[in-house]
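Novice: Structure, please.
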Amino acid sequence: QVQLVESGGGLVQAGDSLRLSCTASGRTVSNYAMGWFRQAPGKEREFVGGINWSGRSTKYADSVKGRFTISRDNAKNTVYLQMSSLKPEDTAVYYCAADRGRSTVISATYYEYDYWGQGTQVTVSS
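Specialist: Presented below is the predicted three-dimensional model:
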């Protein structure tokens, strides 16, 4: 079983940057594709971006492309979401997820992920 814990959320102003971390325990996730999702109040959970097992391939939602960067450190069993030029519409609870069925392909579909963290709140004020 894999446990995922996100950290790094908080309250920032528009234009600021923030880095979220997602650390796995229980077993290594180094051979899993990993994803970041977010959910704002009253909205469905949406794909933010993902990274393949090696870190050499990433995928992003159009809404964050060019502003967010995902990376991973397999030695630390940790995935990162670097967010810059934050906007009020980025306000949401951010979740990381592990896809044990895929290592090279990055899914944008939340139900294809097997393990989820508890989420961390990101609030961007205008």
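Novice: show me where pLDDT drops low in the chain?
Specialist: Judged against pLDDT under 70, the chain has no low-scoring part.
Novice: in this structure, which residue is closest to the centre?
Specialist: Nearest to the mean C-alpha position of the chain, by CA atoms, centre = their mean, lies W36 at 2.4 Å.
Novice: Chain neighbours aside, what residue packs nearest to it?
Specialist: Excluding its sequence neighbours, the residue lying closest to W36 (CB to CB, 6 or more residues apart in numbering) is V48, at 4.2 Å. For the C-beta atoms, the positions are set from N, CA and C on the backbone; glycine is no exception.
Novice: tell me which residues in whichever strand or helix holds the one you found are buried?
Specialist: Under the criterion of DSSP states H and E, V48 resides in strand 46-51. Within strand 46-51, the residues that count as buried by 16 or more other CB atoms under 10 Å are F47, V48, G49, G50, I51.
Novice: what's the residue nearest to the centre of the chain in contact with, if anything?
Specialist: 20, 22, 47-50, 70, 79, 81, 94-97 (CB atoms under 8 Å, 6 or more residues apart in numbering).
Novice: re earlier: ok, now which ones touch the residue nearest to W36?
Specialist: G35, W36, F37, R38, Y60, A61, V64, F68, L81, Y94.
Novice: how does it look with 10 Å?
Specialist: The contact partners of V48, by CB atoms under 10 Å, 6 or more residues apart in numbering, come to 20, 35-38, 59-61, 63-64, 68, 70, 81, 83, 90, 92, 94-96, 108.
Novice: Can you select the buried ones from these in ChimeraX?
Specialist: Buried subset of the contacts of V48, written as a ChimeraX selection, criterion 16+ other CB under 10 Å:
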select :20,35,36,37,38,59,60,61,64,68,70,81,83,90,92,94,95,96
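Novice: Among the contacts of V48, which are located in strands?
Specialist: Among the contacts of V48, the members falling in strands (DSSP state E) are 20, 35-38, 59-60, 68, 70, 81, 83, 92, 94-96.
Novice: which of those lies closest to T28?
Specialist: Closest approach between the ones in strands among the contacts of V48 and T28, by CB to CB: C96, at 15.1 Å.
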